[in-house]
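> Build the 3D model from these lines:
(chains A and B)
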Number of protein chains: 2
Amino acid sequence: MAEQFVEFYYKAFDSDRSPLAALYGHDSMLTFEASPSQGVSNILQKIQDLPFKQVQHQVATLDAQPSDERGGILVVVSGALLVEEERRPMSYAQTFQLKPKDGSYYVFNDVFRLVYPAA
Amino acid sequence: MAEQFVEFYYKAFDSDRSPLAALYGHDSMLTFEASPSQGVSNILQKIQDLPFKQVQHQVATLDAQPSDERGGILVVVSGALLVEEERRPMSYAQTFQLKPKDGSYYVFNDVFRLVYPAA
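Reported below is the predicted structural model:
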């Protein structure tokens, strides 16, 4: 499940991003590089307005754990992000909590951070 | 709250690690570099048995979001890890879910990964 979600998520993110709207709900939270958004419309606007239009995520690690006794799933990804016109990929870490809804899942928590090489 | 927790956690981890026992419960989960442990005794044994005895965590970023409507907190940390005899620090990302218990909190989810520089 976690792998399917991550594959779908980055495939959508790396194309036109609009399918991501289906993955969030009115109570979803995104913290993107310390900048917070809440609710599907604010989150999608944030994601659509990011300064880079072309981006490619390459997943390096994926961990998942149950996050509660009601079917929630914690998903932690690390990987590389290749942004248009930047030659060097950057490392990132992204944490999701997926919660069950209507026989499927939606993203309740989403925290994204670039991870810089330690000095 | 999240900041207090993170400060306490790494201070304990970077000294003798035994105070970490107070932070986990019987249903806590740790995934450390893809290796899973469950329950306070297994998790403490895993942490105590790590090959490095001296370690120093330096927190670079800390994000927190509510993880449910019952007081849970998602805490995402990235930073640098300096291990004994290694000159170069490594980057890491660690995700916790804290859940309320008996007027305090315990770690329900814990996922740790080293994050390597993107190629």
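> hey, C-alpha coordinates of the longest helix seen in chain A in PDB?
When chain A is parsed with DSSP state H, its longest helix is helix A:2-13. In PDB, the C-alpha atoms belonging to helix A:2-13 read as follows (Å, rounded to 0.1, in the frame of the first residue of the first chain):
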ATOM      1  CA  ALA A   2       2.700   2.500   1.000                       C
ATOM      2  CA  GLU A   3       4.700   1.700  -2.100                       C
ATOM      3  CA  GLN A   4       1.700   2.100  -4.400                       C
ATOM      4  CA  PHE A   5       0.900   5.400  -2.700                       C
ATOM      5  CA  VAL A   6       4.400   6.700  -3.100                       C
ATOM      6  CA  GLU A   7       4.600   5.700  -6.700                       C
ATOM      7  CA  PHE A   8       1.400   7.400  -7.500                       C
ATOM      8  CA  TYR A   9       2.200  10.500  -5.500                       C
ATOM      9  CA  TYR A  10       5.500  11.300  -7.200                       C
ATOM     10  CA  LYS A  11       4.300  10.300 -10.600                       C
ATOM     11  CA  ALA A  12       1.500  12.900 -10.200                       C
ATOM     12  CA  PHE A  13       3.900  15.400  -8.600                       C
END
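> Can you list the buried residues in that helix?
By neighbour count on 16 or more other CB atoms under 10 Å in any protein chain shown, the buried set for helix A:2-13 is A:Ala2, A:Phe5, A:Val6, A:Tyr9, A:Tyr10, A:Ala12, A:Phe13. C-beta coordinates here come from the backbone N, C-alpha and C atoms, glycine included.
> quick check, nearest of those to chain B?
When the buried residues of helix A:2-13 are compared for distance to chain B (CB to the nearest CB), A:Ala2 wins out at 11.5 Å.
> From A:Leu44, how far out is that closest one?
Remark: distance between A:Ala2 and A:Leu44 (CB to CB, to the nearest Å) = 22 Å.
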